[in-house]
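Peer 1: give me the fold of what follows.
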Amino acid sequence: MIYRSKAPLRIGLAGGGTDVSPYCDLYGGAILNAAISLYAYANIEPVTEKKIYLTAADRNEYLEYEFAKALPLDSKLDLLKGVYNRIVKDYGFPETGFRLHTFVDAPAGSGLGTSSTLVVAIVGAFAEMLSLPLGEYDIAHYAYEIERQDLKLAGGRQDQYAATFGGVNYMEFYENDKVIVNPLRIKSKYLNELENNLLLFYTSTSRESATIIKEQQKNVQQKNDSSIEAMHQLKEQSRMMKEALLKGQLGEVGEILDYGFQQKRKMAANISNSKIEEIYDAAKKAGASGGKISGAGGGGFMSFYCPGNTRYNVIEALHPFGGEVKQYSFTKYGLTTWSV
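Peer 2: Got it, this is the predicted structure:
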């Protein structure tokens with residue numbers, strides 16, 4: 001028997017960063033994001049020998065361990081080992097050894113929520129194997145705890161919920177880890193137009209999001225007025241985006257994205273840099289009405305709203321920067337698990 005799972009990555013459309021503590025604990029956060037047809041995959045295959053085999057195929061990393069109740073956290077495939085350690089702690093030692101094989105459709109540090117989505121996928125595969133009674137909110141919160149508490153990785157909350165629920169969601173974040181996921185019923189013609197006009201561009205650079213996020217957290221703790229006000233405005237941006245999408249006011253999407261881009265740069269240093277600014281300016285000159293940096297910033301993916309038929313001019317304008325336009329589609333399905 002093989003136990004499989006896949007969970008979608010996401011594009012953040014508005015409110016990015018307001019899901020990070022302590023901001024959301026103090027003021028409440030709000031984010032609008034959409035799951036896309038790029039995935040994190042996890043496969044667990046029981047084996048007869050008392051061994052644990054870990055493979056991250058997209059990273060060309062492989063580890064082998066003797067059967068144990070806890071695997072060492074040493075910066076080598078810690079996401080895989082962290083999920084295993086927590087599962088054993090909460091649900092008991094597995095009866096057999098196994099192979100855990102993972103793959104992610106986008107590079108780590110690219111801003112599409114790869115790490116959190118991978119954790120969700122691995123949790124899902126174990127839940128399928130062990131028949132764990134976990135609902136959507138349970139799995140998302142469980143993945144969040146593994147990353148933030150067990151592995152001490154800095155970050156927010158949106159990625160785990162986007163990966164688990166799928167679809168287009170307006171998410172609210174409050175103190176005591178309270179999260180409310182509001183699925184948006186957007187007319188298909190509006191969603192199709194958004195998908196057609198929203199260009200996803202990989203800058204061919206990844207970044208360490210934790211450094212940027214820690215500075216963002218520090219700015220809130222030290223009551224940096226400029227940074228906190230920028231987060232307030234980004235939270236308002238998510239409400240603006242929700243209204244525009246529900247009402248089909250797609251002509252406003254680019255302007256709302258551009259407004260968020262201006263605000264996000266105020267949250268922390270290194271969110272933007274000279275290359276990102278050059279790419280952003282080139283896209284706008286070619287016809288994009290706005291855009292954003294995906295994830296924490298500093299590199300990775302950027303998205304641009306290209307009204308009319310301007311996407312083709314924007315693609316041509318981005319070509320000299322050596323990146324890659326990534327094809328995708330929106331998906332309404334979140335974490336999916338099965339066995340064969």
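
Peer 1: when you work out contacts or count neighbours from here on, use the C-alpha atoms and nothing else.
Peer 2: Noted.

Peer 1: tell me the spacing between the residue nearest the centre of the chain and residue 156.
Peer 2: The structure's the chain has its C-alpha centroid closest to residue 113; by CA atoms, centre = their mean the separation is 2.0 Å. Distance, residue 113 to residue 156, by CA to CA, to the nearest Å: 10 Å.

Peer 1: again with residue 112
Peer 2: Residue 112 is 13 Å from residue 156, where distance means CA to CA.

Peer 1: and residue 290, by the same measure?
Peer 2: For residue 290 relative to residue 156 (CA to CA), the value is 24 Å.

Peer 1: cool, and residue 46?
Peer 2: Counting by CA to CA - residue 46 and residue 156 are separated by 33 Å.

Peer 1: the more surrounded of the two?
Peer 2: When residue 46 and residue 156 are compared for neighbours, residue 156 comes out ahead with 24 against 20, by other CA atoms under 10 Å.

Peer 1: give me the phi and psi for that one.
Peer 2: Main-chain dihedrals, residue 156, degrees, to the nearest 10: phi -100, psi -150.

Peer 1: how far away is it from residue 18?
Peer 2: Distance from residue 156 to residue 18, by CA to CA: 8 Å.

Peer 1: residues of the lengthiest strand in the chain that come out buried?
Peer 2: For the chain, the strand with the greatest residue count under DSSP state E is strand 29-47. Residues of strand 29-47 classed as buried under the neighbour-count rule (16 or more other CA atoms under 10 Å) are 29-46.

Peer 1: for stretch 96-107, give me every contacting residue.
Peer 2: 38-58, 67, 112, 114, 118, 122, 206 (CA atoms under 8 Å, 6 or more residues apart in numbering).

Peer 1: what mean pLDDT does the longest strand of the chain have?
Peer 2: Mean pLDDT, computed over strand 29-47, is 98.

Peer 1: show me what that strand is packed against.
Peer 2: strand 3-14, strand 97-104, helix 114-130, helix 158-165, strand 168-173, helix 225-247 (3 or more CA pairs under 8 Å, 6 or more residues apart in numbering; DSSP states H and E).

Peer 1: return the most buried member of the ones you listed.
Peer 2: Counting by mean count of other CA atoms under 10 Å, helix 158-165 has the highest mean neighbour count of these, with a mean of 30.

Peer 1: chain center to that helix: distance?
Peer 2: Using CA atoms, centre = their mean, to the nearest Å, the distance from the centre of helix 158-165 to the centre of the chain it belongs to is 7 Å.

Peer 1: any stretches of the stretch 101-250 of the chain with poor pLDDT?
Peer 2: Within the stretch 101-250 of the chain, the stretches with pLDDT under 70 are 206-212.

Peer 1: from residue 68, how far out is residue 21?
Peer 2: 34 Å.

Peer 1: these two - which one has more neighbours?
Peer 2: residue 21 (26 against 15).
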